[in-house]
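**Student:** need a 3D model of the following:
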Amino acid sequence: MPIIRVKGLSYRYPGSSRTVLKNITLNIDEGEYVVITGPSGCGKTTLCRCFNGLIPHFYGGNLEGEIIVNGFPVKETSTSTLAQYVGMVFQEPESQLFLLSVEREVAFGLENLGLPREEIVKRVDEALKLVGISHLRDRAPHELSGGEQQKVALAACIAMQPKILVLDEPTANLDPISAVNILNLLQSLRNKLGVTIILVEHRLEAVASVADRFIVMNDGMIVSDGDPRDVLSSTNIEGLGVGVPKVIQLYKDLKRRNVIFNLVPLTPKEVKACLMEVLEFD
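**Tutor:** This next block holds a predicted model:
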């Protein structure tokens, strides 16, 4: 069964007449790596807030439809319960970090669950090691770089042992090297832990070849959903302001010139292999 089921979801924020999400229906399977993208203001962040119960329990507003997360109906389930299964990392990590050391930050959620001290120490150690920041254990979060802060926020989520990780544009405020490091880390965590990853992202070059699925949103609706090769090469997303990877743009340019590849390439390596096949055939 899907770990997330959404049916007929529509939503308006309190005091607003604008419907931010419009009749969204989708299923996300356990262990999937899903990228959600689309122009600013299309509803990506709002949809993610529905997965961990911030909508409707914190933000309020008018929510219609059904959201089931790990078997729990979101409307009837508290955010504290959902937080045990859904970890969320926001765009600006400093908004999630407020304690005086990295170790305390990672332990905070576990302490609120009332876990035994031995279990807390074990989980903190494991999370810091997985994310590669054990050496930052005693540092103050506000002294760290943006990339390091994102890793702390991620470690705090991982320590809770969630089944689902939701990340809302975690690379938006990072330099290119730090962004790639965070995206590579996500892939590593997915391989090691088998968690479901839902990533809101605009930098699609680095995730196109590792994600199982792309969802493109526009004006509160899903306009394309499927395999990254199919979605990124589709005409449905043209003109939406989606940052289509350069290899896809090259593929389309060559196709218009009657240079036909046997697949839609997602990496420079795949472009090279396709070109070699075409040249050899000719």
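**Student:** which stretches of the stretch 51-200 of the chain form strands?
**Tutor:** Under the criterion DSSP state E, counting those that start in this stretch, the stretch 51-200 of the chain contains strands at 62-69, 72-73, 86-89, 164-168, 196-200.
**Student:** any residues touching the third one, and which ones?
**Tutor:** In this case it means strand 86-89. Outside strand 86-89, the residues within contact range by CB atoms under 8 Å, 6 or more residues apart in numbering are 48, 51-54, 69-70, 96, 150, 153-154, 156-158, 160, 162-168, 170. (Glycine included, C-beta is placed from N, CA and C.)
**Student:** can you rerun that using 6 Å?
**Tutor:** 51-52, 153-154, 157, 160, 162, 164-167, 170 (CB atoms under 6 Å, 6 or more residues apart in numbering).
**Student:** of all the strands of the stretch 51-200 of the chain, which one is nearest residue 27?
**Tutor:** strand 62-69 (9.5 Å; CB to CB).
**Student:** how about the closest one: buried residues?
**Tutor:** 63, 65, 67-69 (16 or more other CB atoms under 10 Å).
**Student:** before we move on, back to that, could I get the strands of the stretch 51-200 of the chain in JSON lines, plus columns for distance to residue 127 and mean pLDDT?
**Tutor:** As requested, these are exported to JSON lines (distance: least, CB to CB, whole Å; pLDDT from 0 to 100):
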{"stretch": "strand 62-69", "distance to residue 127": "22", "mean pLDDT": "95"}
{"stretch": "strand 72-73", "distance to residue 127": "24", "mean pLDDT": "96"}
{"stretch": "strand 86-89", "distance to residue 127": "11", "mean pLDDT": "91"}
{"stretch": "strand 164-168", "distance to residue 127": "12", "mean pLDDT": "92"}
{"stretch": "strand 196-200", "distance to residue 127": "16", "mean pLDDT": "94"}
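**Student:** center of this structure - which residue?
**Tutor:** Nearest residue to the geometric centre of the chain (CA atoms, centre = their mean): residue 199, 1.2 Å.
**Student:** which ones are touching that one?
**Tutor:** 35, 167.
**Student:** can you get me a residue count around residue 98?
**Tutor:** 11 (other CB atoms under 10 Å).
**Student:** quickly note the distance from it to residue 54.
**Tutor:** 18 Å (CB to CB, to the nearest Å).
**Student:** longest helix in the protein, please.
**Tutor:** helix 176-193 (DSSP state H).
**Student:** contacting residues around that one?
**Tutor:** Outside helix 176-193, the residues touching it (CB under 6 Å, 6+ apart) are 33, 147, 150, 170-171, 197, 206-207, 210.
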